[in-house]
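>>> Sequence and predicted model, in that order:
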Amino acid sequence: MGLLDRMSTVVQAKMNKIMDKVEDPRETLDLSYEKQLELLQNVKRGVAEVTTSKKRIELQKAKLQMSIDKLDSQAKEALEANREDLARKALENKAVLQAQSATLDQQIADLENQQQKLMVAESRLATKVESFRTRKETIKAEYSAAEAQVKVTESVTGISEEMADVGLAVQRAEEKTENMKARSAALDELLESGTLEDHSGGDEIEKELTKVKAKGTVDDELARMKSEMKK
Amino acid sequence: MIIRILGEGQFRLDDKHLEDLNKIDNRIVDHVNKGDQIAFRKDLDKLISMAKDLGEPLDTVDIVQSDLIFPPEDMSFEEAKRVFSGTGIIRD
């Protein structure tokens, strides 16, 4: 079974959950419409949630930048006091934080992307819901219960697919924000505890690797600071 | 045929492209089975851009069912694995 078939199965399963079969087909229309309005509210909440998460991470990035700046001036002070060992340590920590900062940039971009997508989905759904409402009234006014059946099935199936799509987008956005929240809480703790020793999240090997990779940068920066001091 | 790219909306696509789409689709299954993430990303991008380039976007007011459902373009490899393992990308 291909990916496209699988995706159809996934969406169909979701649609089955959305569609309610009632005796009177015209009642199905009203029920579906109610659910559409509910979903629209849900999407709005989703957008708000993603926006809040993004703000939170932006704030965190600002805090991280403050720590980076602090380490930078500490390195300078250390050099002035002839403590190259301390300066090196500060710059190493700074490199670790800079790597974290790059990760946050990525997360912010990712959330921005989610936010845009949800907003587009919201406006598309809103248009469809309005179109459905008009069609619903026409069907109710112009067709007998028996005649309405086919029209109702068509409309309800079509809109349910849209709802499954949008519902899925909201879920994926929620999952992403949840993941980021967890990581962001961990980073917050580290920043607040002020332990500059361990900013990389507890993985010693990873931290050492970052330091090794940053060695060139640290050496360059030390040299730059030294030459600036001579001026 | 009418296709839906999840998160993007619906497009009308000539049936003659079905065979080509099917080939890429099969390759994607292969990549997921082999764990080849790079090839997966490449072919998924190809599949979706093919649908977008060859298809005509449907008017937003239209309410119709699709013949084919395409995954979201930013579907991760992990999500694809979950879809194939039957656990789905949708939580219950």
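Nice, I can see it. Numbers count the residues shown, from 1 in each chain, chains lettered A, B, ... in the order given.
>>> lowest-pLDDT helix or strand in chain A?
Ranked by mean pLDDT, DSSP states H and E, the weakest helix or strand in chain A is helix A:204-230, scoring a mean of 78.
>>> what's the answer for chain B, then?
helix B:77-84 (a mean of 88).
>>> Going by neighbour count, list what's buried in it.
Residues B:77, B:79-80, B:82-84 are the ones in helix B:77-84 that count as buried (16 or more other Cβ atoms under 10 Å in any protein chain shown). (Each C-beta comes from the backbone N, C-alpha and C, glycine too.)
>>> For that helix, output the C-alpha coordinates as CSV.
The C-alpha coordinates for helix B:77-84 follow below in CSV (Å, rounded to 0.1, in the frame of the first residue of the first chain):
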residue,chain,number,x,y,z
PHE,B,77,10.3,10.8,8.2
GLU,B,78,9.1,9.8,11.7
GLU,B,79,5.5,10.7,10.8
ALA,B,80,5.7,8.7,7.6
LYS,B,81,7.0,5.7,9.5
ARG,B,82,4.0,6.1,11.9
VAL,B,83,1.6,6.2,9.0
PHE,B,84,3.0,3.0,7.6
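>>> got the contact list for that helix?
With contact meaning Cβ atoms under 8 Å, 6 or more residues apart in numbering or on different chains, helix B:77-84 is reached by A:3, A:6-7, A:10, B:28-29, B:32-33, B:37, B:40-41, B:44, B:71, B:88-89.
>>> if I look at the residue located most distally from the centre of chain B, how far off is residue A:135?
Taking Cα atoms, centre = their mean as the measure, the residue most remote from the mean C-alpha position of chain B is residue B:61, 22.5 Å away. Shown here: residue B:61 relative to residue A:135, a distance of 9 Å by Cβ to Cβ, to the nearest Å.
>>> ok, back up a step: now do the least confident helix or strand of chain B: distance to the chain's middle.
13 Å (Cα atoms, centre = their mean, to the nearest Å).
>>> same question, stretch A:98-110
In terms of Cα atoms, centre = their mean, the centre of stretch A:98-110 is found 12 Å from the chain centre.
>>> Relative to chain B, how far out is the closest residue to residue A:79 other than its chain neighbours?
Nearest residue to residue A:79, sequence neighbours excluded (Cβ to Cβ, 6 or more residues apart in numbering or on different chains): residue A:87, at 4.6 Å. Between residue A:87 and chain B the computed distance is 41 Å (Cβ to the nearest Cβ, to the nearest Å).
>>> Hey, what's the angle from the helix or strand that contains residue A:87 to helix A:204-230? Just curious.
According to DSSP states H and E, residue A:87 maps onto helix A:84-142. With axes from the mean of the first three to the mean of the last three Cα atoms, to 10 degrees defining the directions, helix A:84-142 sits at 120 degrees from helix A:204-230.
>>> Alright, I will stop here.
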